[in-house]
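Peer 1: Fold the stuff below for me.
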Amino acid sequence: MGKVSFISGIVCIALGGILYTTERFIAVFQYGIEVVPVKLNGNGSLPSEPSMPAIFDNFFVGLLLFLGLALLAYGIVHTFKNNVHLK
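Peer 2: Residues are numbered from 1 along each chain as shown. So this is what the prediction gives:
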């Protein structure tokens, strides 16, 4: 059970990271879509940089991060508790 929790924790953290990176990519892509027509026309105002999402703006990123850390910690403790015999 410890190894399964450990691997599940790593997978949850990785999924949270992929989701957060995808959100940031979409923000930059959306910024490019907004800026290109303004630069081509030469008039109007545009933001100086894209508005990037914070890490906890998406509920699932935070949930996957905390769940992954909890599963990772449980897997480490459970694995070492079953494998190390202190006498």
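Peer 1: which residues of the chain score low on pLDDT?
Peer 2: For the chain, the stretches flagged by pLDDT under 70 are 39, 44, 84-87.
Peer 1: Next up, identify which helix or strand the spatially most central residue of it is on.
Peer 2: Per CA atoms, centre = their mean, the C-alpha nearest to the average position across the chain is that of G17, at 2.7 Å. Using DSSP states H and E, G17 sits within helix 2-41.
Peer 1: In that helix, which residues are buried?
Peer 2: Buried residues in helix 2-41, counting neighbours by 16 or more other CB atoms under 10 Å, are found at G2, S5, F6, S8, G9, C12, I13, L15, G16, Y20, E23, Y31. (Each C-beta comes from the backbone N, C-alpha and C, glycine too.)
Peer 1: angle of the next helix-or-strand element following that helix against helix 2-41?
Peer 2: Per DSSP H and E, helix 2-41 leads on to helix 59-83 as the next helix or strand towards the C-terminus. With axes from the mean of the first three to the mean of the last three CA atoms, to 10 degrees as the basis, helix 59-83 and helix 2-41 are set at 150 degrees to each other.
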